[in-house]
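[1] Build me a structure from this.
(2 chains)
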Amino acid sequence: MKRVVVVGASLAGLRTAEALRQSGFTGALTIVGEEPHPPYNRPPLTKAALLDGPDASALALPHTVDLDATWTLGVSATGLDMLRQEVLLETSEALAFDGLVIATGASARRLPDDLGGVCAHHIRTLDDATTLHRALAEPGRTVLVIGAGFLGSEVASTAASLGHRVTLVEATAGPMLGALGPEVSAYCARLHRSRGVDLRTSTTVLSLTPAVERPGTTVAVLADQRSGAKSQVEADVVVAALGATPNTDWLRGSGIDIEGGIATDHSLRVLDNAGVPVPGIVAVGDVACVPQPLLDGTASRVEHWATAVGHSGIAAATLLDEQPHVLTVLPSFWTDQHGVQIRGIGLPGRGDTTTVADGAMEDDRFVVTRTRGGRLIGVVAVNNTPALFRYRSELESAARAAPPTRQGPVS
Amino acid sequence: MLVTVDFDRCEGHGLCTISAPEVFSFDTRGSLQVVDRPGEEHRAAVEESVRTCPAIAIQLDAAHAVADTARQ
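    Numbers count the residues shown, from 1 in each chain, chains lettered A, B, ... in the order given. Okay, here's the model as predicted:
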């Protein structure tokens, strides 16, 4: 292998480039990134960096390997020609490769313009965080956060800690419900409310319109899905945190399966439209839709920091035709809200039964195990991270024991 | 080799205790303990910890850390 192109200059792309060099790859390495910034760490963008103002140098991801790479930043990839083995750039340049790493990540799902999406901040990039930080710098604002997933909940927590009046709207029955399960979600709902956040669950936004009398203010019309009742909220700052969609548009028509992310096999080789692995092309990080051993091989995207890092070693080994040290990545994630540390491993949101295994929710220090069909599938620890580690090996062996066959993606 | 942890940044993920257990560990109260001058044989493991720390809290042979130590 002589020429590797990495499309995507964020965590997954950077770590895969490092893993390639560490595995002895000495050929030409080109890293293409849509954003102008060198790779930076995104998790602080809704927490410390939103509070203090993002500092690009403090957020820069550290290298431990001399990458000796050509960086092409601020340039989008627009296409892939699999026959000629070329990546096409918006500059009309074509980059020839014999190894390709697709690490284009995901973009914030935008609130549609007909709902008033232009009134809302979205948060994904350093520039988004800078803009939102400025909007929150003025004291005593009213803030409406739409979507109580991890990011929306963290933004609500940060805004509340700044003394703003925060309304947090969630379409499902609870914050982070899909990731944590109902019991921990209910705990997080109580936490939000105890810190003064006006959390409205099972509630959707019907419209956002600029307030006529108060320029700069937005009027949101909300609907409670249980009662059908409508209500109005005025906000100085509106943030839409509606999850993310994989950045696959540039691969449309390339022959790669981009249904629900970039389909890969368990070695992260991408699949073509016929489901056949494509040699020399891997996908990593948020964009990759990978068979999940904990879900009996069902393919899913796992948008976690640790997944991006975990993919890097597997992808590099696959490209270099070596045996990876680690065969699958155990999902793990974290969130910090209202001064509470929440850490999870596995896929607790996919469980069907919850057990408090340690501590008590009312003490704000506990561990919850989640099982699916009687089998451990995930663990969540609140203010008790060390207790999580004893479950790690059990989940890792559960993942190893599962069949590596691939099943189609689930949403 | 000099290992420094920025405890203002550390969020207690503990991934370093997995990648380099000889260097990083939790004490019984859940506080992170660090061997700040481990032997060279641990370099690869500590580099792994640097790369996998979600809080970017670990530095290896950091220039300013060396300077700090020299001042002490």
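[2] Okay, buried residues for the helix or strand where residue A:397 lies please.
    Secondary structure assignment for residue A:397, by DSSP states H and E: helix A:392-401. Buried residues in helix A:392-401, counted by 16 or more other C-beta atoms under 10 Å in any protein chain shown: A:395-396, A:398-399. C-beta here means a position set from N, CA and C on the backbone, and glycine is covered the same way.
[3] Which pLDDT value does the model give the nearest residue to residue A:243 once chain neighbours are set aside?
    In space, and not counting its chain neighbours, residue A:243 is closest to residue A:109: 5.1 Å by C-beta to C-beta, 6 or more residues apart in numbering or on different chains. Residue A:109 is assigned a predicted lDDT (pLDDT) of 96.
[4] Flag every buried residue along stretch A:344-356.
    Quick answer for stretch A:344-356 (16+ other C-beta under 10 Å): A:344-351, A:354.
[5] before we move on, the earlier item: list of residues touching the helix holding residue A:397?
    Helix A:392-401 has contacts (C-beta atoms under 8 Å, 6 or more residues apart in numbering or on different chains) with A:293-294, A:327-328, A:330, A:345-346, A:375-379, B:18.
[6] The stretch 201-350 of chain A against chain B: which residues are in contact?
    By the rule C-beta under 8 Å from any C-beta of the partner chain, the part of the stretch 201-350 of chain A lying against chain B is A:305-306, A:309, A:334, A:336, A:341, A:343.
[7] Tell me the one among the residues you listed nearest to residue A:238.
    Closest approach to residue A:238 among these (C-beta to C-beta): residue A:336, at 23.0 Å.
[8] Can you give the strand pairings for the helix or strand containing that closest one, parallel or anti for each?
    Residue A:336 is part of strand A:332-337 when elements are defined by DSSP H and E. The pairing partners recorded for strand A:332-337 under DSSP bridges are strand A:340-346 (antiparallel).
[9] Chain A: helices as residue ranges?
    A:11-22, A:48-52, A:56-59, A:126-137, A:150-161, A:177-180, A:182-194, A:305-319, A:392-401 (DSSP state H).
[10] so how far is the fourth one off the chain centroid?
    Think helix A:126-137. Helix A:126-137 has its C-alpha centroid displaced from the chain centroid by 19 Å (C-alpha atoms, centre = their mean, to the nearest Å).
[11] what do you get for the fifth one?
    Between the centre of helix A:150-161 and the centre of its host chain there is 16 Å, according to C-alpha atoms, centre = their mean.
[12] again with stretch A:300-314
    Distance, stretch centre to chain centre, for stretch A:300-314: 10 Å (C-alpha atoms, centre = their mean).
[13] residue ranges with poor pLDDT in chain B?
    By pLDDT under 70, the weakly predicted segments of chain B are B:63-72.
[14] tell me which parts of it are close to chain A?
    Neighbours of chain A within chain B, by C-beta under 8 Å from any C-beta: B:11-15, B:17-18, B:26, B:30, B:47, B:50-52, B:54, B:56, B:59-60.
[15] Among the contacts of helix A:392-401, which are located in strands?
    A:345-346, A:375-379 (DSSP state E).
[16] For chain A, what is the nearest residue in chain B?
    Proximity of chain B to chain A (C-beta to the nearest C-beta) peaks at residue B:47, 4.1 Å away.
[17] Neighbours of that residue, how many?
    Counted with other C-beta atoms under 10 Å in any protein chain shown, the neighbours of residue B:47 add up to 21.
[18] Not counting its neighbours along the chain, what's nearest it?
    Closest to residue B:47 by C-beta to C-beta, 6+ apart is residue A:64, at 4.1 Å.
[19] who touches the one you found in this structure?
    A:18, B:47, B:50-51, B:60.
[20] that older thread, what about the residue nearest to residue A:243, how many residues nearby?
    15.
[21] how about it, what does it touch?
    A:240, A:242-245.
[22] Any figure for the gap between it and residue A:100?
    Residue A:109 sits 26 Å away from residue A:100, taking C-beta to C-beta, to the nearest Å as the criterion.
[23] Could you do residue A:186 as well?
    Counting by C-beta to C-beta, the gap from residue A:186 to residue A:100 is 44 Å.
[24] higher neighbour count, those two?
    The residue with more neighbours, out of residue A:186 and residue A:100, is residue A:100; 24 against 17, by other C-beta under 10 Å.
[25] Contacts only, for the more buried one.
    By C-beta under 8 Å, 6+ apart, the contact set of residue A:100 is A:4-7, A:80, A:85, A:87, A:280-282.
[26] Quick check: of these, which lies closest to residue A:203?
    Of all those, residue A:203 sits closest to residue A:7, with 38.4 Å by C-beta to C-beta.
[27] per-residue pLDDT, the residue of chain A found nearest chain B?
    Taking C-beta to the nearest C-beta as the measure, chain A has residue A:64 as its residue closest to chain B, at 4.1 Å. On pLDDT, residue A:64 comes in at 88.
[28] next one: the one 4 residues further on
    The predicted structure scores residue A:68 at 97 on the pLDDT scale.
[29] do the same with the one 10 residues further on
    Residue A:78 is assigned a pLDDT of 98 by the prediction.
[30] in terms of contact, does it touch residue A:93 like I think?
    No. Contact criterion C-beta atoms under 8 Å: residue A:78 and residue A:93 do not qualify, at 10.1 Å.
[31] intersection of neighbour lists for the two?
    By C-beta under 8 Å, 6+ apart, no residue touches both residue A:78 and residue A:93.
[32] on that earlier part again, can you tell me which of the contacts of residue A:64 are in helices?
    Those of the contacts of residue A:64 lying in helices (DSSP H): A:18, B:47, B:50-51.
[33] For the stretch 151-300 of chain A, just list every one of the strands.
    Using DSSP state E, counting those that start in this stretch, the strands assigned to the stretch 151-300 of chain A run over residues A:165-169, A:198-200, A:203-210, A:218-224, A:230-235, A:237-240, A:244-246, A:262-263, A:269-271, A:277-283, A:288-292, A:298-300.
[34] again, but for chain B
    Under DSSP E, chain B gives strands at B:3-5, B:24-26, B:32-34, B:58-60.
[35] quick one, which of those is nearest to residue A:58?
    strand B:58-60 (12.7 Å).
[36] which secondary structure elements does that closest one contact?
    strand B:3-5, helix B:43-52 (3 or more C-beta pairs under 8 Å, 6 or more residues apart in numbering or on different chains; DSSP states H and E).
[37] Next, format the ones you listed as CSV and append distance to residue A:202.
    Below are the helices and strands packed on strand B:58-60 laid out as CSV (distance: least, C-beta to C-beta, whole Å):
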stretch, distance to residue A:202
strand B:3-5, 43
helix B:43-52, 38
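[38] Those residues of the stretch 51-200 of chain A touching chain B, which are they?
    Residues of the stretch 51-200 of chain A lying near chain B (C-beta under 8 Å from any C-beta): A:59, A:61-62, A:64-65.
[39] For PyMOL, write a command that selects the buried ones of the residues you listed.
    A single PyMOL command selects the buried members of those (16+ other C-beta under 10 Å):
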select buried, chain A and resi 59+61+62
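[40] returning to what we had before: from the buried residues of helix A:392-401, which has minimum pLDDT?
    The member of the buried residues of helix A:392-401 with the lowest pLDDT is residue A:399, at 73.
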